[in-house]
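Asks: From the sequence below, what's the structure:
(chains A and B)
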2 protein chains.
Amino acid sequence: MLKRRNDIPHAPATALWNPASVAVIGASDNPNKVGGRAIHYMQRYGYEGRILPVNPQRAEVQGLPCFASLAQLPEVPEAAIIAMAGDAAADAVRVCADMGIATAIVMASGFAETGAQGRALQDDLVRHASASGMRIVGPNAQGIANFASGAVLNFSTMFMEAEPMDGPIAIVSQSGAASVMPYVLLRERGLGVRYLAATGNDADLGVSELALSVATDESIRLILVYVESLSQPAMLAEAARIARKRGARVVLLKGGSSALGAAAAASHTGALAGQDAALDAFLERHGILRARDVHELVNAAALFERGFPVREGRTVVMSHSGAVGVLCADAAERVGLPLASLSDATVASLAQILPGFATAGNPLDLTASLLGNGAMFSKVLDALGRDPQADMFAIGVPVAGPGYDVPDLARTAAHFMASHRKPLVVTAPQRSVRAEFEACGVPTYISETDAIHALWQYAHSDRMHCAAASSLSPEETIVPHGLLDEAASLSLLQRYGVPVVEHAVCANADEAAVIAQTMGEQVVVKGCAAEIPHKSEHGLVHIGVSDARGAAEDCLARLNSLGVREPRVVVARMARGLHEFMLGVTVDPVLGPIVVIGEGGTLVEVRGDVASLLAPFTVDDALAAIRRLRIAPLINGYRGQPPLDADALAKAAVALGHFAMAHRTSLVSVDMNPVMVMARGDGVVVVDAVVQFKEQA
Amino acid sequence: MLKRRNDIPHAPATALWNPASVAVIGASDNPNKVGGRAIHYMQRYGYEGRILPVNPQRAEVQGLPCFASLAQLPEVPEAAIIAMAGDAAADAVRVCADMGIATAIVMASGFAETGAQGRALQDDLVRHASASGMRIVGPNAQGIANFASGAVLNFSTMFMEAEPMDGPIAIVSQSGAASVMPYVLLRERGLGVRYLAATGNDADLGVSELALSVATDESIRLILVYVESLSQPAMLAEAARIARKRGARVVLLKGGSSALGAAAAASHTGALAGQDAALDAFLERHGILRARDVHELVNAAALFERGFPVREGRTVVMSHSGAVGVLCADAAERVGLPLASLSDATVASLAQILPGFATAGNPLDLTASLLGNGAMFSKVLDALGRDPQADMFAIGVPVAGPGYDVPDLARTAAHFMASHRKPLVVTAPQRSVRAEFEACGVPTYISETDAIHALWQYAHSDRMHCAAASSLSPEETIVPHGLLDEAASLSLLQRYGVPVVEHAVCANADEAAVIAQTMGEQVVVKGCAAEIPHKSEHGLVHIGVSDARGAAEDCLARLNSLGVREPRVVVARMARGLHEFMLGVTVDPVLGPIVVIGEGGTLVEVRGDVASLLAPFTVDDALAAIRRLRIAPLINGYRGQPPLDADALAKAAVALGHFAMAHRTSLVSVDMNPVMVMARGDGVVVVDAVVQFKEQA
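Replies: Prediction:
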């Protein structure tokens, strides 16, 4: 039987996570076969619904009556496990759909992961199921599990190895291994997991939708997600929004975030990886914390489970070792966790409790003797806990042994957490020391880095803002196609409010000369032809010319010699900014348009000083992105230069985002570089732009 | 008794690490007091020398005859532990020195860590000891320990908690906690430690010298160092050199590497932190690996202990989970560990062993069934082990249970290591799975990231080059002082071979006009006065002028109005490079001159694209540093620009390094910005420089 929790409400009953009955097609008497393991688990872990084994060759399976076929079943089950292989699996899925089963867990492999033929078969099954309203988990799935009810429709061996325990955590993963790795790490730390799903080929009921379904369970405080290719991002965003409303969080790990990893992921799933920066922008926007590996995925779970208020995340570090304080401070600076400045009242209290203390700083260097004196330790903690500037606590216990009353310290720390409701973690390299604190429910870490990182994850996830669910703006119905020339690009962007340089298109040198006169002493003259996007390389850019006619003649001659049919020039006003930025758009196939803001000029790629935003976004979002750039100090005026007009740059980025959203299914990319940024109040001017749309279908 | 190792030679007997006799001054019968614990440890762990307790109030201590005073001892002991506090400790140190004891372990606190008075007392004791040839470990030290001989002159409680075992690892640390934290992490992984030292105030026999002393033990394969303020760097460099000669390595963790951490370190040790980039440059030069925290300090210990050849570090990742392969590939790209390209022969062999395999890639996706078939797994490993392009191996075992013969896998992996002598690690989240591999001597990791990072640390430490021990070049005896003006700075640097712009110093506008004529159509004219280092801010820089006389007059007038007594101008040839770099020098109080190479211009600090080198260094070192810059792609020609003259920039940096070494005790800083870098073959030109020396004493 499962360890049940009485301290959290039971899970809502749903056909998916808690079906009233489960048919197991291809049922086996052997609990170590795919067709036997779920039956074994459901009986072992107290599933209270009806288990209906289906196998024409047996009358009984693991002590349960067995049916010869789906047609023989005494009822239409809510869920079915398809445990057979090959064509039989496909046939069973069709029969299940036709008889009105709500959910099929298709464990069989041999579908999209094997190539085009398998993908066609898979697509056909999903179509067939959808027509009847049946949902499919899989195929090639380890399945789902609900450890609150014992509905373990999953064949992983892990639940033989690490006994389940119900808890406020859900794990939804495309990969089977990546579902049970966080599971066992959590279980070995004594944390309970309620829901677990591994969707394999993720063909129908995918990770995002499963995350959404568990987010509606009020008991769930933490949803851990593993994907290699994200689909249905809006559902994941909605899951995060619902979770955040009650203080719960989503943490996501994407396998294949590097080029090497993406290649590996593509070779085993056939899925195309999206852009990593786009994913970051998406997660940032929806308040979803990103983990780099499985370790980071579960690192702060104990803090999320307890859910004490974060406030500003200002942390007090204390230890009887100065070195531990130093190492925690190093780690805090690396991740950007603020250390608390103790209030004068706290310093005074500490001085009274600890007369030997010269100064009470943070990190707080406790004396070794203190650790043998629980009453005094308790007083110190209380004094710190009352400090309104002390939000979170890290206590380092680098060594124990004679003179250290570790059980008493653990009880004191647990009591502090219960009474002050402030997050507290303990770091200790010794397993035995950690075990004492864990037994009292205090989150523990082996290393200072992990402990500080967990506090940062916990505090940062709280500071992330979750964008309100927004309805999509309408798209333009008539759109250009292919690569636009500079003039067409500029005028299209201008229509959406992007501030572009004053310019005119001229078909001959006379026109150019006339126009130039209206633009001041010096102008810019550029050859204009969509088929020649790299103008500089062909000598088609003349900057700061006073002889516009001559420059235009030169450009037209060069365009002619390049075979351009209708050679034209752009004559533009000279624009000089205090600094050159760039704005761009790329379109992620899953997440949509991403606006990139960065330092401009010819060295954009080399310097790589860019920030990405998921469109659409606000001026504040854009300003925050600009402030993340390395060159951000220029905004406030640097070395005698006046402050830059960051507001105008942010507004231009917002306008670009609206343009991109209005063309989200037709756009390929936008590149505006340089964007001349003037002094505060003087605006920005886009002096060059290339917009590319998809070719006509 | 200690677990002894017969597979590695015994440690050399030295007065320090294996004294023939140890007096314990302030001996206690209670093993849980400072004066009792070392006696307890030495008896418990089989120390074969003579333990001589000293305490006027006891006739016997822990079963040993006790002496009333040092004068009563039957012999002059080789080592003494000073376990008393206060003035008695200081008195005892003096008596020990006078009677000819070789080493005193001063455990008493109350010295430099308490302030100026304590520091004076400490300095006096060290002087007194030095005069008699006695070495002091401490004061405020937990002491030293040799777990090969049982000479545990150390009062940490940790050796009550985690049983010592001899092994090829040494730990030397300024902090007591930071000595036992890596110790217990190693012991809990089953790794043995031979030497451990915690030097506390580090007043005499410091961490660097202790590292050197353990480096001479041929059995030691890994030396772990913790410092908060490095001293005697030459000794640490020599320790690394001696260790590397036989394939052993030094890994260093500096507490206080961040601003927050340095402040914390200063508050508990009073030591001033050096520059972090300088430490990196020092470690890089001497082939010392740097760890960021205690976890990284010990992370690769199991690999270092075995010492299998690294070759090029090309790693094969394999798992029965695609996700684990993906996560390993992600981690490998993050740290820069190369994945192996399997040879055609290996791919063919794998195809024969595994007929079901479509393609054998890397990461290698093993089938789950393979893990139940040890014979086939062994064949796969053998085929990979024979591949000359496969240098190291990471095997992921994300889940076990029925169908997985983990003990057999562990034996197979261990057999592979023994026969192929190639590094291999296993990652497994389950404690029980790791235990099986550890029992067979296979290094294990919980997370993919840690495993890949350990392989990277191991391979990277092998690729680091250790500079040959070099004798210091002589220093200039007559040196300027204070801030030099531009002309003086340029001409001084030029004498050391730094390529500076052609220029002349002129006292009036007529001279400037004459000189300018020899320098081409346009020149640069700048006001020149040491007291005005920020020339641009005062309008003292005229670039590209044809009227040199007018510019000179303007500069001279401005200098006059600024109150400069002898106003002069520098007239310089116009120099335009393809890109602006910078070269600079800072002088670390411990490590000496550090040369900085980076992107130049006014945004140096904002862009922060710099690399540091410990002077002196070679052209190859400088080129490697240049290649580490973000703007490195420019070197090979970028977007139609010709390649840059990186060789000339590297040579200028080397010349600057020689200049800095020749003034290493008098120099404060050098700032050369911009350094115009031309196309390959056309050299570099320094167009501005400020050299600052210390003020005259």
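
Asks: how close does residue A:367 get to chain B?
Replies: In this structure, residue A:367 and chain B are 11 Å apart, going by Cβ to the nearest Cβ, to the nearest Å. In short, each C-beta sits where N, CA and C put it, glycine included.

Asks: Show the model's pLDDT score for that residue.
Replies: Looking at residue A:367, its pLDDT is 71.

Asks: repeat for residue A:9
Replies: The score at residue A:9 is 51. That number is its pLDDT.

Asks: for residue A:589, same thing?
Replies: Listed pLDDT for residue A:589 reads 89.

Asks: and the stretch 201-350 of chain A, which residues reach chain B?
Replies: With Cβ under 8 Å from any Cβ of the partner chain as the criterion, the stretch 201-350 of chain A comes near chain B at residues A:226, A:228, A:255-261, A:263-265, A:267-269, A:292-295, A:319-327, A:329-334, A:339.

Asks: please redo it, this time with the cut-off set to 6 Å
Replies: Taking Cβ under 6 Å from any Cβ of the partner chain as the measure of proximity, the stretch 201-350 of chain A contacts chain B at A:255-258, A:260-261, A:264-265, A:267-268, A:293, A:295, A:321-327, A:329-330, A:332-333.

Asks: Could you list which of the residues you listed belong to helices?
Replies: Of the positions in those, A:260-261, A:264-265, A:267-268, A:295, A:322-327, A:329-330, A:332-333 sit in helices, assigned by DSSP state H.

Asks: Report the central residue of chain A.
Replies: Of all residues in chain A, the one closest to the mean position by Cα atoms, centre = their mean is residue A:283, 3.8 Å from it.

Asks: For that residue, pull up the helix or strand it's in.
Replies: Element membership of residue A:283, judged by DSSP states H and E, is helix A:276-285.

Asks: now what about that helix, what contacts it?
Replies: Counting by Cβ atoms under 6 Å, 6 or more residues apart in numbering or on different chains, helix A:276-285 makes contact with A:257, A:290, A:467, A:588, A:591, A:594, A:612-614, all of which sit outside it.

Asks: Out of the residues you listed, who's the most crowded?
Replies: Of all these, the most densely surrounded is residue A:613 (27 neighbours; neighbours counted as other Cβ atoms under 10 Å in any protein chain shown).

Asks: residue at max distance from the center of chain A?
Replies: Counting by Cα atoms, centre = their mean, the extreme residue of chain A relative to its mean C-alpha position is residue A:510, 55.8 Å from that point.

Asks: so what pLDDT did that one get?
Replies: We note a pLDDT of 94 for residue A:510 in this prediction.

Asks: Is it in a helix, a strand, or coil?
Replies: Secondary structure assignment for residue A:510 (DSSP: H, G, I helix; E, B strand; the rest coil): helix.

Asks: One more: residue A:27?
Replies: Under three-state DSSP, the three-state class of residue A:27 is coil.

Asks: That one: neighbouring residues, count only.
Replies: Burial of residue A:27, expressed as a neighbour count using other Cβ under 10 Å, amounts to 27.

Asks: That one and residue A:55 touch, don't they?
Replies: Yes. Look at residue A:27 against residue A:55 with Cβ atoms under 6 Å: they come within range, at 4.6 Å.

Asks: which ones are touching residue A:400?
Replies: A:406, A:433.

Asks: Leaving out the residues flanking it, which one is nearest to whichever residue of the stretch 101-250 of chain A sits closest to chain B?
Replies: Checking the stretch 101-250 of chain A residue by residue against chain B with Cβ to the nearest Cβ singles out residue A:157 as nearest, at 2.6 Å. Residue nearest to residue A:157 in three dimensions, not counting chain neighbours: residue B:401, with 2.6 Å by Cβ to Cβ, 6 or more residues apart in numbering or on different chains.

Asks: from what I can see the one you found touches residue A:156, true?
Replies: No. Contact status for residue B:401 versus residue A:156: not in contact, 7.9 Å apart, counting by Cβ under 6 Å.

Asks: Can you pick out the residue with more neighbours from these two?
Replies: Comparing residue B:401 with residue A:156 by neighbour count (other Cβ under 10 Å), the higher total belongs to residue A:156, at 23 against 18.

Asks: Just flag the most distant two among the contacts of helix A:276-285.
Replies: Checked with Cβ to Cβ, the contacts of helix A:276-285 reach their widest spread between A:257 and A:467, with 22.3 Å between them.

Asks: now the end-to-end length of stretch A:195-204.
Replies: Using Cα to Cα, to the nearest Å, the span of stretch A:195-204 from its first residue to its last is 18 Å.

Asks: list the contacts for the residue of the stretch 101-250 of chain A closest to chain B?
Replies: When contacts are counted by Cβ under 6 Å, 6+ apart, residue A:157 touches B:399, B:401-402.

Asks: mind redoing it with 7 Å?
Replies: For residue A:157, the contact set (Cβ atoms under 7 Å, 6 or more residues apart in numbering or on different chains) comprises B:399-403.

Asks: Return the closest of those residues with respect to residue B:494.
Replies: residue B:399 (67.7 Å).

Asks: Count the neighbours of the closest one for me.
Replies: Residue crowding around residue B:399 was assessed by other Cβ under 10 Å; the count is 29.

Asks: Could you give me the PyMOL selection string for whichever of the ones in helices among the residues of the stretch 201-350 of chain A next to chain B are buried?
Replies: Only the buried entries of those go into this PyMOL selection, using 16 or more other Cβ atoms under 10 Å in any protein chain shown:
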select buried, chain A and resi 260+261+264+265+267+268+295+322+323+324+325+326+327+329+330+332+333
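
Asks: re earlier: list of residues touching whatever helix or strand comes next after the helix holding residue A:283?
Replies: Per DSSP H and E, the first helix or strand lying C-terminal to helix A:276-285 is strand A:289-291. With Cβ under 7 Å, 6+ apart as the test, strand A:289-291 has contacts from A:249, A:251-253, A:280, A:283, A:297, A:457, A:460-461.
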